[in-house]
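> Take a look and give me a structure for this.
(2 chains)
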Protein chains: 2
Amino acid sequence: MPFKTIAIVGVGLIGGSVGLAVRQRKLAKRIIGIGRKPATLRKTKALGAVTETTTDLAKGVADADLIIIGTPVDWVVEFTSKAAEHAKPGAIITDVGSTKAKIVAGCERAVAEVNKSRELRKPVAFVGSHPMAGSEKAGVEFAVADLFVKRTVIVTPSAATPPAVLRTIRMFWKKLGAKLVSLSPAEHDEAVAAISHLPHLLASALAANTPAESLPLVAGGWLDTTRIAAGNIDLWEQILLANRVHTLQALARFEKVLSAFRTALEQNDPQRLRELLQAGKQLRDSVAS
Amino acid sequence: MPFKTIAIVGVGLIGGSVGLAVRQRKLAKRIIGIGRKPATLRKTKALGAVTETTTDLAKGVADADLIIIGTPVDWVVEFTSKAAEHAKPGAIITDVGSTKAKIVAGCERAVAEVNKSRELRKPVAFVGSHPMAGSEKAGVEFAVADLFVKRTVIVTPSAATPPAVLRTIRMFWKKLGAKLVSLSPAEHDEAVAAISHLPHLLASALAANTPAESLPLVAGGWLDTTRIAAGNIDLWEQILLANRVHTLQALARFEKVLSAFRTALEQNDPQRLRELLQAGKQLRDSVAS
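This next block holds a predicted model:
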């Protein structure tokens, strides 16, 4: 087995799915689920996503070779810092957050401080991950072992990331079935603003904008376009604020295209409307399903 | 059987699915597929969607009790007019177009003129329909017999629609498994601008706005939100222009919500962002899947 012990801090959809996948693929002997709520931990254990559970972070991470921080983005730095304080020498910490620049900067700073104060012979390391998987459904009850299969996982090393640590994290996600992409934290945040955070904002605005009396009429197009608006408010508030600068930039670009559509409609211009629809179709057709 | 003969003018996804559904449910003995392209007609016959085919509209509609105009919206009035000229007394014509005000006004005028000139003992009648079914895939090869099952079909009677005609059309769609809603043509166009035409425009703009280098990273959210952007350009150009006034009104309302999101991000305002996300989630959660 590539790992003896993996600790998962925060067992929701992603953390739980990591646990199930690690177990199914026999990547670690012990999988320790760490959380605040005993009821959630019991559920996680019952689902077979972990081999043991604890509410005590210090104890839970002590033996782990690999620690996955599965919490919402606002808490990743704090839990990474706490995990680093109690981790064994050479342990690797990663997260699964949807934004990376703030998280990676914060976690690297926190881990470096801990390494300095603990004077470990082999330092603890952090490298950021973002599995592009999940859904509008949150909670460990939706966890599945194949959540990462054929999905993209973006890892975001910085200049400070030791190459061996990066290799281990890439190998880990690859063994869960994922396709790996490496980007800098800033490149990551810019890309996901366009392909994830802006779409969420539009889906939410579109849903909110629908007159209540028309809701009984909605069909496939509306259902698809607004689906992610059902996502967890707490998570998305944190994500959009953490990546607000890039999201605002993506929104500004989007509004130019939207404005071109408006003008084409106002001027009743079939040629221009066609060009705009064609540009959208061409991009969409270039991606499968 | 409720009908002896049904004629379908234009056999694409919707027309073909009507044919398959009518056959499976034994609603008519003869189902005549009418089109311009012999190859498409052969394919439609091979799929079992019709019992006979012809490129001659006059001959094809002559015996039909019910005539479905399945063409793109720009051609509905012309084909309704031609069908009315050759239809038998008392025949009912309907269409499946995604916009209704222009189509219903044009078809009612055309049919009234034909009725006047033909001096039929029982006039030909038109009533508009819009099955809220279909997908980004066009073409009879995607036709399925259960396309209308549990889907909404909006029928758009006007003051001129004879009640018996409306009853027959409602009964027809109901027998294909649909849920029926009656709206005036103007009410229809306003409603679908918000739930179908604006979403299409947004999906298209969002897809077009995606940087090419980020396409390999897209996941479920982007795929859902942009799916309809792959729709047929010819059809959507016609739909958006036919309903451009209502679509522009829906866009203007949407832009207010979008602007509120922009301000919340610019001002880094978690409380306001939360309210906006909550409004979108609440609307979306009120609709199943």
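
> Domain map for chain A?
A:3-183, A:187-285 (automatic domain parsing).

> Tabulate these (a markdown table), appending mean pLDDT and distance to chain B.
Just so you know, the C-beta spots here come from the backbone N, C-alpha and C atoms, and that holds for glycine as well. A markdown table is the format used below for these (pLDDT from 0 to 100; distance: least, Cβ to the nearest Cβ, whole Å):
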| stretch | mean pLDDT | distance to chain B |
| --- | --- | --- |
| domain A:3-183 | 96 | 4 |
| domain A:187-285 | 96 | 3 |
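
> now A:Ala191: how far from A:Pro185?
For A:Ala191, the distance to A:Pro185 (Cβ to Cβ, to the nearest Å) stands at 11 Å.

> Equivalent analysis for A:Glu52, please.
33 Å.

> for A:Ala288, same thing?
28 Å.

> Compare these two (neighbour count), which wins?
Taking neighbours as other Cβ atoms under 10 Å in any protein chain shown, A:Ala288 and A:Pro185 compare with A:Pro185 leading, 21 against 5.

> can I assume the more buried one is in contact with A:Cys107?
No. Counting by Cβ atoms under 8 Å, A:Pro185 stays clear of A:Cys107, with 10.2 Å between them.

> if I look at the two, which residues touch both of them?
Contact with both A:Pro185 and A:Cys107 is made by residues A:Gly128, according to Cβ atoms under 8 Å, 6 or more residues apart in numbering or on different chains.

> ok, now which ones touch the closest residue to A:Gln278 other than its chain neighbours?
The shortest distance from A:Gln278 to any non-neighbouring residue, by Cβ to Cβ, 6 or more residues apart in numbering or on different chains, is to B:Ile233 (5.6 Å). Contact analysis of B:Ile233 by Cβ under 8 Å, 6+ apart lists A:Arg274, A:Leu277, A:Gln278, A:Lys281.

> and if we set it to 6 Å?
A:Leu277, A:Gln278, A:Lys281 (Cβ atoms under 6 Å, 6 or more residues apart in numbering or on different chains).

> any idea which element the second one lies in?
Pointing back at A:Gln278 there. helix A:270-285 (DSSP states H and E).

> Quick check: buried residues in that helix?
A:Leu273, A:Arg274, A:Leu276, A:Leu277, A:Ala279, A:Gly280, A:Lys281, A:Leu283, A:Arg284 (16 or more other Cβ atoms under 10 Å in any protein chain shown).

> Against which helices or strands is the helix or strand hosting A:Ala260 packed?
Per DSSP H and E, A:Ala260 falls inside helix A:244-266. Judged by 3 or more Cβ pairs under 6 Å, 6 or more residues apart in numbering or on different chains; DSSP states H and E, the packing partners of helix A:244-266 are helix A:270-285, helix B:198-208, helix B:244-266.

> can you tell which of those helices is closest to A:Phe126?
Closest approach to A:Phe126 among the helices and strands packed on helix A:244-266 is made by helix B:244-266 (27.6 Å; Cβ to Cβ).

> Assign A:Thr5 to helix, strand or coil.
strand (DSSP: H, G, I helix; E, B strand; the rest coil).

> residue boundaries of the helices in chain A?
A:13-24, A:38-46, A:57-61, A:76-86, A:101-118, A:163-175, A:185-192, A:198-208, A:220-226, A:233-242, A:244-266, A:270-285 (DSSP state H).

> Please work out which of those helices is packed deepest.
Greatest average neighbour count among the helices of chain A goes to helix A:198-208 (a mean of 28), per mean count of other Cβ atoms under 10 Å in any protein chain shown.

> need the contact list for A:His197.
A:Leu240, A:Asn243, A:Thr247.

> I should have written A:Asp63 there, sorry.
A:Thr5.

> Quickly note the distance from it to B:Gln249.
For A:Asp63 relative to B:Gln249 (Cβ to Cβ), the value is 62 Å.

> can you give me the end-to-end distance of stretch A:142-153?
19 Å (Cα to Cα, to the nearest Å).

> mind checking how far that stretch is from the chain centre?
Centroid separation for stretch A:142-153 versus its chain: 12 Å, with Cα atoms, centre = their mean, to the nearest Å.
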